[in-house]
Structure formats: structure tokens, C-alpha cells
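J.: structure, please.
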Amino acid sequence: MLTIHGMRASGNCYKLQLLLDQLGREYRWVDVDSVGGETRTPAYLAKNPNGKVPLLELDDGRRLAESDAILCYLAEGTPLLPDDRWLRAQTLQWLFFEQYSHEPCIAVARFIRGWLPHDHPRQAEVPALRQKGTQVLGVMEQHLVGQDWFVGDSYGIADIALYAYTHCAGDGGFDLSVFPNICAWLGRVQAQPGYTPMQR
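T.: Modelled structure (predicted):
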């Protein structure tokens with residue numbers, strides 16, 4: 001059985017929960033409190049020297065880190081990861097966008113507002129993160145003009161990756177109501193068979 005080491009409230013971990021639930025795959029979830037320092041223990045670092053969640057562990061002992069790499073591995077051979085070379089490259093494009101443009105502002109703003117004290121020095125970062133994040137959401141909003149999904153004409157892991165932190169962007173102070181295409185897309189994701197919500 002697959003084992004996922006993760007923190008339920010993390011969008012990067014939620015991606016894997018959502019994918020596996022929608023695929024109907026059995027898996028074991030091991031809660032790891034990354035905010036509380038559990039990813040920095042010797043035992044965890046022996047599994048993932050980078051000290052982050054999520055982490056996929058197979059029965060034979062092999063381990064894979066980085067949420068979007070795990071998404072690709074788990075979705076291989078399913079309709080959620082296209083076989084077509086161009087569509088697969090577009091999927092990777094959006095996965096890289098999610099990790100390098102989207103997550104660093106939208107997820108980080110959520111973390112600062114939700115997990116750090118109100119008087120923490122990092123609260124000063126939030127206005128700039130919101131500005132950058134709003135630009136990122138604008139890219140997504142424009143892309144969704146006239147199409148339902150991020151890649152091709154069907155739901156896939158690009159949607160899962162982007163959904164994870166977008167649907168809870170309000171936690172970081174983002175107003176999603178000004179992005180009607182994104183809001184409609186969020187509803188389509190939530191209507192997919194096997195959808196399960198994030199446990200916050």
C-alpha cells in the first residue's frame with residue numbers, strides 16, 4: 001500500500017489526497033506536523049533529507065518527494081496525465097508555474113496569516129505577496145477564458161495542482177470573487193467524482 005507522509009492542512013499534501021481519493025486508490029496517511037518541527041527530526045530526515053512534506057513511500061522502501069513529481073508518478077497511466085506529448089508538456093508547464101509563481105506568494109501569504117503570530121515580522125511581507133499573487137491569479141483567470149480546464153479539454157493533474165492553494169487563497173487575504181473564471185473552475189473541480197475537501 002502507498003504511504004503518504006503529510007500535513008493535512010498543507011496544499012502541497014492535499015494535492016495527493018485529492019488525486020488518490022479521485023482515483024479510488026487505497027493509501028495510508030501518516031500525519032507529520034511540519035510547522036511543529038516534525039520534518040526536522042532525525043527519523044524524518046532519514047526518509048527525506050530535504051525535511052519537507054509530502055513524501056510518498058512505497059512498500060519496497062522507495063521514496064519520492066516534491067508534490068508535483070508525486071502527482072505525475074501517481075497519475076501515470078490514468079486519464080489525469082495526458083499521453084499526448086504536447087498536452088503533457090503543457091501539464092508540466094502549469095506544474096512549474098504552480099511551484100515557482102503561484103505557491104511562493106499565495107501559499108506563503110496563507111502560511112504567514114494562518115500560522116504566524118499577528119505581530120510576527122513576516123506579516124510585513126503579506127502586502128507584497130498579495131500584489132504578486134493577484135497577478136498570478138490574473139494569469140489563471142485569463143487562461144480560463146473560453147475553456148473549462150488548464151490543459152486540453154479534460155480535468156487533470158494541472159487542475160489538481162493549481163486547485164490546492166487557489167481554493168483556499170482567501171486564507172491569505174485574496175479576494176477570489178473578482179476572478180469569475182477561476183470561481184467557475186473551482187466549482188467544476190469540486191463537482192468531479194471522488195472529490196474530497198481539504199482537512200484544515
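J.: secondary structure element holding the residue lying farthest from the centre of the chain?
T.: The outermost residue of the chain relative to its centre, with distances by Cα atoms, centre = their mean, is residue 119 at 27.7 Å. Under DSSP states H and E, no helix or strand contains residue 119.
J.: residue boundaries of the strands in the protein?
T.: Here the chain has its strands, by DSSP state E, at 2-6, 27-31, 55-57, 63-65.
J.: what's in contact with stretch 48-67?
T.: 1-7, 10, 12-13, 15-16, 32, 34, 39-40, 44-45, 47, 70, 73-74, 161 (Cβ atoms under 8 Å, 6 or more residues apart in numbering). (C-beta placed from N, C-alpha, C; glycine too.)
J.: just the buried residues of the residues you listed.
T.: Buried members of the contacts of stretch 48-67, scored by 16 or more other Cβ atoms under 10 Å, are 2, 4-7, 10, 12-13, 15-16, 32, 34, 39, 44, 47, 70, 74, 161.
J.: which one of the strands of the chain lies closest to residue 96?
T.: Evaluated over the strands of the chain, closeness to residue 96 peaks at strand 63-65, with 16.3 Å, by Cβ to Cβ.
J.: quick one: the helices in the chain?
T.: 11-23, 42-47, 67-75, 85-97, 108-115, 126-143, 157-166, 180-190 (DSSP state H).
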